[in-house]
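# no FASTA, just this:
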């Protein structure tokens, strides 16, 4: 297969995948809305990480670090060094979210692992009885601890799976449950494709009452040009208990030292939805540390700030310059001194 045929075939497959994502999402534009209020552990559906959220939350076919594994477990399969990630968010209604992850590669194998933790504090509220009389204040908080494993198959495919223990405290009522994540990613050339399921199976149990988790199914397509530092991603998501959405994001990295990001999220079938809106972000790295900032602007005019830190323990911690292995390979040349030749110089012939 010639180079032109390869790119044409890759383009057609990618265009077909993107079209299928959009059609499926549009066809289910009102699916899941009737299930609003029937799930537990809903804080899990907010997402975390300044880098991903500043790109509109589009990452299912792009993620290549420990942070990306929180969206698609298969993203962990591309991590080649130990990483630690921390994220902080000031949410609406004086709520806050703290998220962290640590993971890496198992020796020189193609297996990766990670442990994660997320905490969300929603402050305190005043309780009232049926007569409107105050019953005192009560606090609301949520937490999840998880573990993820991913395996790389060849140079193009990764599979990942994870489990989470989830707890919630709603004043005097406490809930607990277990749920799972799973995903697959495929990369070929400059294109990537991912499918993920979040909060799959399991129930949150509050005493004698049980509620299923806010399951979400999504697919994403990504494009990466290592030479220019440009990355583009588009995702489509179909949640169990909310409107389907389409997300798009763009990132441009300058010499692996600075990153500029923007994105957009659109909730389908819900005009004026507060989750619809643009996103913006910046990033900067030095040695083994990378800092990220994201701002999410809602359609109602409010906004959220996201901060993130990432540490690599075996190299530069900025966005990988070449996530799709677009490295140059030696070229054959019949002429000594050919400037297009890449590789060590040829040895001089011996004089007889």
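Looks like it arrived, so ask away. Quick caveat: nothing in here was measured; it's all calculated off a predicted structure.
# residue 288 against residue 311, yeah?
Yes. Assessed by C-beta atoms under 8 Å, residue 288 is found in contact with residue 311 at 5.9 Å. Backbone N, C-alpha and C define where each C-beta goes, glycine included.
# that's a helix at residue 51, yeah?
Yes. The assignment for residue 51 (DSSP: H, G, I helix; E, B strand; the rest coil) places it in a helix.
# chain neighbours aside, what residue packs nearest to it?
The shortest distance from residue 51 to any non-neighbouring residue, by C-beta to C-beta, 6 or more residues apart in numbering, is to residue 292 (4.7 Å).
# number of residues surrounding the one you found?
26 (other C-beta atoms under 10 Å).
# roughly how far out does the strand or helix carrying it sit from the chain middle?
In this assignment (DSSP states H and E), residue 292 forms part of strand 289-297. Counting by C-alpha atoms, centre = their mean, to the nearest Å, strand 289-297 is centred 14 Å from the centre of its parent chain.
# ok, stretch 201-211 next?
27 Å.
# same thing with stretch 198-210?
Using C-alpha atoms, centre = their mean, the offset of stretch 198-210 from its chain centre is 24 Å.
# what comes into contact with that stretch?
39-41, 44-45, 71, 164, 166, 168, 170, 173-182, 211-216, 218 (C-beta atoms under 8 Å, 6 or more residues apart in numbering).
# likewise stretch 146-154?
The contact list for stretch 146-154, computed with C-beta under 8 Å, 6+ apart, reads 69, 73-79, 103, 110-117, 158-165, 181.
# those in strands, which ones?
The members of the contacts of stretch 146-154 that map onto strands under DSSP state E are 103, 111-117, 158-165, 181.
# just the buried members of those?
Neighbour counting over the ones in strands among the contacts of stretch 146-154 (16 or more other C-beta atoms under 10 Å) leaves 103, 112-114, 116, 158-164, 181 as the buried ones.
# could you dump the residues you listed to JSON lines with distance to residue 198 and pLDDT?
JSON lines is the format used below for those (distance: C-beta to C-beta, whole Å; pLDDT from 0 to 100):
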{"residue": "103", "distance to residue 198": "18", "pLDDT": "95"}
{"residue": "112", "distance to residue 198": "18", "pLDDT": "96"}
{"residue": "113", "distance to residue 198": "19", "pLDDT": "96"}
{"residue": "114", "distance to residue 198": "15", "pLDDT": "96"}
{"residue": "116", "distance to residue 198": "13", "pLDDT": "96"}
{"residue": "158", "distance to residue 198": "17", "pLDDT": "96"}
{"residue": "159", "distance to residue 198": "15", "pLDDT": "97"}
{"residue": "160", "distance to residue 198": "12", "pLDDT": "97"}
{"residue": "161", "distance to residue 198": "12", "pLDDT": "97"}
{"residue": "162", "distance to residue 198": "9", "pLDDT": "96"}
{"residue": "163", "distance to residue 198": "12", "pLDDT": "96"}
{"residue": "164", "distance to residue 198": "10", "pLDDT": "96"}
{"residue": "181", "distance to residue 198": "5", "pLDDT": "97"}
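# and the two most separated of the residues you listed?
158 and 164 (19.7 Å; C-beta to C-beta).
# phi and psi next, for residue 268.
In terms of degrees, to the nearest 10, the main-chain angles of residue 268 are phi -80, psi 140.
# right, and it touches residue 239 too?
No. Between residue 268 and residue 239 there is no contact, the gap being 11.1 Å when judged by C-beta under 8 Å.
# any shared contact partners between those two?
With C-beta under 8 Å, 6+ apart as the test, residue 268 and residue 239 both reach residue 245.
# need the helices for the stretch 1-150 of the chain, in chain order.
3-27, 50-53 (DSSP state H, counting those that start in this stretch).
# for these, which has the smallest mean pLDDT value?
Confidence, taken as mean pLDDT, is least for helix 3-27 of the helices of the stretch 1-150 of the chain (a mean of 54).
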